[in-house]
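In: this one's structure only:
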């Protein structure tokens with residue numbers, strides 16, 4: 001997988017568990033900014049991973065609709081979005097039996113660690 005600073009759409013989809021079609025839909029609904037770079041080799045970064053994980057947390061764990069999710073994200077600071085992303089990641093890891101990282105570890109730290117391991 002590519003560096004987390006320059007993910008392709010398929011890489012972003014794999015990392016977040018969402019389909020490319022869903023990611024494009026979230027962009028068109030203004031829940032997510034478009035790619036960092038555009039064109040044939042569009043790239044996505046840590047912002048996109050965190051935001052998508054936060055969206056999944058709000059939709060799946062909190063049961064919010066798309067409009068409710070958009071409104072909630074509008075009110076949150078970047079650190080709060082990061083915390084929601086971390087909650088989603090912890091939930092996934094707990095469900096799969098993978099040891100959970102300490103709460104102080106951000107999603108960005110996790111992304112950096114897997115990028116360094118690749």
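Out: Sure thing, it's come through. Quick caveat: nothing in here was measured; it's all calculated off a predicted structure.

In: got the contact list for residue 17?
Out: Contacts for residue 17 (C-beta atoms under 8 Å, 6 or more residues apart in numbering) come out as 56, 92. Yep, even glycine has a C-beta here, placed from its N, CA and C like the rest.

In: and it, how far from residue 29?
Out: Using C-beta to C-beta, to the nearest Å, residue 17 is found at 18 Å from residue 29.

In: name the residues of stretch 56-74 that come out as buried.
Out: Residues 56-59, 64, 69-70, 72-73 are the ones in stretch 56-74 that count as buried (16 or more other C-beta atoms under 10 Å).

In: average pLDDT across it?
Out: On average, the pLDDT along stretch 56-74 is 94.

In: distance between it and the chain's centre?
Out: 13 Å (C-alpha atoms, centre = their mean, to the nearest Å).

In: and for it, what's in contact with it?
Out: In contact with stretch 56-74 (C-beta under 8 Å, 6+ apart) are residues 16-18, 29-31, 51, 54-55, 81, 84-85, 87-88, 91.

In: next: stretch 41-54.
Out: 2, 4-9, 11-12, 15-16, 18, 23, 26, 31-37, 73, 76, 81-82, 84-86, 88-89, 107-108, 111.

In: got the buried residues for it?
Out: Those would be 43-46, 48-54, for stretch 41-54 by 16+ other C-beta under 10 Å.

In: tell me how far residue 83 lies from residue 61.
Out: 13 Å.

In: again with residue 34
Out: From residue 34 to residue 61 the distance is 26 Å (C-beta to C-beta).

In: quick one, phi/psi of the nearest residue to residue 29 once chain neighbours are set aside?
Out: Excluding the flanking residues, the one nearest residue 29 by C-beta to C-beta, 6 or more residues apart in numbering is residue 66, at 6.3 Å. Main-chain torsions, residue 66, degrees, to the nearest 10: phi -60, psi -50.
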